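Student: below are the sequence and a predicted model for it; my questions follow.
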Amino acid sequence: MKGTIARKVGGVAADRALDELADRLAGATRTTIEHVVRTRGPAIAADADLFRLKHPELDGAPLDRAYIRERARRLGGTGLVTGLPSVVPAVGTAVEIAAAAADAAALTYGQVSLILGLAHLHGRDVTDREARRLDVLMVLGLDAGIVSREETVLKAEGHDIPLASLSRKDLPDAVVGRLNRSVGERVVHRIANRRARSLLARLLPFGLGVVVAGTTDYRAASSVGRAAQTYFDWIENARVDVPSAVK
């Protein structure tokens, strides 16, 4: 597939194209995360409340799963639409590059919104921006393999973050800010690299790009949703007697 992609983008080596795309997407990813966390929290919370009202028979994990499925389907549908230009040879390729770049930002927007919606459903204050930014980065990092769990702590970029501290919401502001900076950069670049690969795959001919676009966005949203559900479940089940110090 890499050879096909390289030929279609004009003979430029696929690895070089990936690096250039990733650099461009990193800035857009960072901006999108910041925008959603800072400005969209109340609207996302209201939308999550409306979803809950529409499904009074659901609660807890079943509600989370239904919410994730519904949001993932929306994002998958958007991906299918943005993949359509790849069906048209030559001209369609140029249009698809622009459409796919826009969809990469839309996918990040949707994933961050999904995380904040689940945070609200789990009783976390979406107007507490720094804390919710940390939640978003932890979930994205968990999905990307940057954050991991060892017993009662999350390990991220050299930091040990007790789940109980996240549960009690008593992490010092200075610690939250430091984590947001150090983990954020790694998460942004990992996401940008993933987006670059999926963007180039959209250039495949004969309608294959449409399939890639739709399935990639659906799976990416579903994966982040599952990571968010796991993360919030870990926090809620954390023992309150775990020391709150962060190394």
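Tutor: Structure received. From a predicted model like this one, the values you see are computed outputs, not experimental measurements.
Student: could you find the closest non-adjacent residue to the spatially most central residue of the chain?
Tutor: The centroid of the chain falls nearest to Gln111 when counting by CA atoms, centre = their mean (4.1 Å). Leaving aside its chain neighbours, Gln111 sits nearest to Val224 (4.5 Å; criterion: CB to CB, 6 or more residues apart in numbering). From N, CA and C alone the C-beta is placed, and that goes for glycine too.
Student: residue contacts, that neighbour?
Tutor: The contact partners of Val224, by CB atoms under 8 Å, 6 or more residues apart in numbering, come to Gln111, Leu114, Ile115, Val139, Leu140, Asp143.
Student: for the residues you listed, give me JSON lines that also has secondary structure, pLDDT and distance to Asp49.
Tutor: Converted to JSON lines, these look like this (DSSP: H, G, I helix; E, B strand; the rest coil; pLDDT from 0 to 100; distance: CB to CB, whole Å):
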{"residue": "Gln111", "secondary structure": "helix", "pLDDT": "94", "distance to Asp49": "20"}
{"residue": "Leu114", "secondary structure": "helix", "pLDDT": "97", "distance to Asp49": "15"}
{"residue": "Ile115", "secondary structure": "helix", "pLDDT": "97", "distance to Asp49": "16"}
{"residue": "Val139", "secondary structure": "helix", "pLDDT": "96", "distance to Asp49": "20"}
{"residue": "Leu140", "secondary structure": "helix", "pLDDT": "94", "distance to Asp49": "24"}
{"residue": "Asp143", "secondary structure": "helix", "pLDDT": "93", "distance to Asp49": "25"}
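Student: out of these, the closest to Ser167 would be?
Tutor: Val139 (15.2 Å; CB to CB).
Student: that'll do, ta.
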